[in-house]
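Model the following, please.
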Amino acid sequence: MTTDQAVGLARRAEGPQRPTLLELFLDLVFVAALALTSQKLASDLSWVGAFQSLVLLMAVWWIWSVTALTTDLYLAQRPPIYPMTLSVMLGTMLMAAALPVAFARDGLIFAGAYVAIHLGRSLFLLPGLRGPQAHRQAARFFFWFAVSAVPWLAGAVATGPARAALWAAALALDYGTAWLRYPTPRLGPVPRSQYMLAAEHLAERYQQFFTLALGDIILVTSLTFAGTGFAVDRTGAFVVGFATAVLFWQIYVQRAGALLQAAIEASRDPGRLMRSAPYTHLLMVAGVVAAAAGAEVVIAHPTGPTTAGLVGVLLGGPALFLVGRVRFEYEIFSRVSRTRLLALLLLVVVAPAMMFVPPLVVAVVGNLVLAGVAASDLLRARGRPPEPPSPAL
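So this is what the prediction gives:
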C-alpha cells in the first residue's frame, strides 16, 4: 500500500469505481460550454470561424479530460480533490462566459482561466499528496502546463491571426506532451502503469460525458425553437435535430461504446487505450458541436439559402463523429466496420449536390446516412453473440 492509499486519497483498483455525483455535477458545466461553442460556430460558418471554434472546443475539452484523469487517480469526494473540482467548475464557467468573444475583447479572461485551472489543479494536489511518486506525477503536469501557459497568455495579449496561431501552438503542446506521457526533465514520463488504476471508472466517465455532450444538441435546438412558433418547417427541423442526437447516441453505445472498460482491462497496453480515449472522443464531441450548430441554423431558416459552411456543419458533424467512432472501434476490436466507411464516403459524395437544396433537406440527408449506420449495427448485432475486445491491443 502506498502512502497515498494509506491516507485514503489515491483510488485503489479494488476500491469504488463508479463516478460520483460531484463528477456528474462537474460535467454539467461543460454542457453549457459546448452549447456556447456551437452557438459561436453557428454565428460564423466561415473557415476562420470554424478554426476559432475548434481551438475553443479543444481548450474546453482538455480541461475536462485532464480533470477526469485526476479524479480517476484520486477519490473525488476527498480533500483536496473536492475543492479542486469546484474550482475547475468555476474556472470553466468563466471560460464559457468569455468563449463567445474570446478572439476579441475577452481573450485574456479565457486564456487566464485555462492556465489557472491547469496550474491550480496541481497546486491543490501537491500539499495533500504523500510520497515521491505522487509528487513527481503532479510536478510533471505542473511543469508542462507552466510551459504551455507562455503561448496561451502571449496569445491573449496578441490580436488577429497571431492569437489564433499562438493558441493553436499551445494546444499542440498540451495535447502532444500528454500523448508522450509528459516527459519531464529529471523526472521522465508518467509510468505506463499509472494509466491503469481504475479502468472501469474512467471508461464510464467517457461514456457518461459523451451522453451528456449530446445535451448540446438538445439544448441548442430547444433554445432556438422556443418562441419561434410551430410552423411546419421549423417543427420539422426541430424533430430532425432531436433525431440527430438519438442517432449519435445509438451509434456510440452500440458494441464498442459499451466495451471500453473490457477493452482496457483486456489490452496488453491499457495505457495506450487510456491515452487515445481523449483524442477519439474529441472527434466525436466535435461532431456533436458541429451538428448542434447546424441544427440552430436549420431551425432558424429551414428553407433559407444553403451555404458551403452550412453544408459543412450539417454533413461534417456526422462525418467527424463517424471518424472518431471508426477510430474508437479500431482501438477496441482492431478492425473497422465497412458500413461506417461507406457512410463517410457517401457524406463526401453528396455534399456538392446539397448546395442546391434547402437546409432542412441537407439535415435530413445527414440523418438518413446516420440511420443507415445505426440500422446496420442493429442487424449485425441481432442473433450474434457479443464480440470480445481484441486481445492484441
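
Could you identify the helix or strand that succeeds the one helix or strand residue 205 maps to?
Using DSSP states H and E, residue 205 sits within helix 199-213. Of the helices and strands lying after helix 199-213 in sequence (DSSP H and E), the nearest is helix 215-225.

so how far is that following helix from its chain's centroid?
Put simply, helix 215-225 sits 18 Å off its chain's centre (Cα atoms, centre = their mean, to the nearest Å).

list the buried ones in the lengthiest helix in the chain?
Ranked by residue count and defined by DSSP state H, the top helix of the chain is helix 270-300. Buried residues in helix 270-300, defined by neighbour count with 16 or more other Cβ atoms under 10 Å: 270-299. Where you see a C-beta, it was placed from the backbone N, CA and C, and this is true even at glycine.

Where does residue 163 fall, secondary structure wise?
Here residue 163 is assigned to helix 161-179, by DSSP H and E.

related to what we said a few turns ago, determine how far the helix holding residue 205 lies from the middle of the whole chain.
11 Å.

for stretch 50-63, same thing?
Distance, stretch centre to chain centre, for stretch 50-63: 9 Å (Cα atoms, centre = their mean).

ditto for stretch 166-179
Distance, centroid of stretch 166-179 to centroid of chain: 16 Å (Cα atoms, centre = their mean).

picking that back up, between helix 270-300 and the helix holding residue 163, find me the angle.
Counting by axes from the mean of the first three to the mean of the last three Cα atoms, to 10 degrees, helix 161-179 points 140 degrees away from the direction of helix 270-300.

which of the residues in helix 161-179 are buried?
Buried-residue list, helix 161-179, by 16+ other Cβ under 10 Å: 163-164, 166-171, 173-175, 177-178.

can you redo these as a markdown table with pLDDT?
Shown next, in a markdown table, are the buried residues of helix 161-179 (pLDDT from 0 to 100):
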| residue | pLDDT |
| --- | --- |
| 163 | 97 |
| 164 | 97 |
| 166 | 98 |
| 167 | 98 |
| 168 | 98 |
| 169 | 98 |
| 170 | 98 |
| 171 | 98 |
| 173 | 97 |
| 174 | 97 |
| 175 | 96 |
| 177 | 94 |
| 178 | 91 |
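
Would you point out the most distant pair within those residues?
By the measure Cβ to Cβ, 163 and 178 form the most distant pair in the buried residues of helix 161-179, at 22.8 Å.

In the stretch 251-393 of the chain, what residue spans correspond to helices?
Counting by DSSP state H, counting those that start in this stretch, the stretch 251-393 of the chain has helices at residues 260-266, 270-300, 308-333, 338-350, 359-381.

excluding its backbone neighbours, what's nearest the residue nearest in space to the middle of the chain?
Nearest to the mean C-alpha position of the chain, counting by Cα atoms, centre = their mean, stands residue 282 at 3.9 Å. Excluding its sequence neighbours, the residue lying closest to residue 282 (Cβ to Cβ, 6 or more residues apart in numbering) is residue 61, at 5.3 Å.

And for residue 314?
Counting by Cβ to Cβ, 6+ apart, the residue nearest residue 314 is residue 294, at 4.0 Å.

Over to residue 154?
residue 166 is the one closest to residue 154 (Cβ to Cβ, 6+ apart), at 5.3 Å.

quick one: low-confidence ranges for this protein?
For the chain, residues meeting the criterion pLDDT under 70 lie at 1-18, 76-77, 128, 130-131, 195-200, 255-272, 383-393.

Residue 109 - how many residues pack around it?
17 (other Cβ atoms under 10 Å).

Look up phi and psi at residue 186.
Per-residue torsions, residue 186: phi 70, psi -10 (degrees, to the nearest 10).

tally of neighbours for it?
Using other Cβ under 10 Å, residue 186 is surrounded by 7 other residues.

How about residue 181?
17.

What of residue 154?
16.

now swap in residue 28 and tell me
By the criterion of other Cβ under 10 Å, residue 28 has 11 neighbours.

try residue 370
24.

Would you mind measuring from it to residue 290?
As for residue 370, its distance to residue 290 is 13 Å (criterion: Cβ to Cβ, to the nearest Å).

repeat for residue 315
Using Cβ to Cβ, we find residue 315 at a distance of 9 Å from residue 290.

Same question for residue 304.
Using Cβ to Cβ, we find residue 304 at a distance of 19 Å from residue 290.

Thanks a lot, catch you later.
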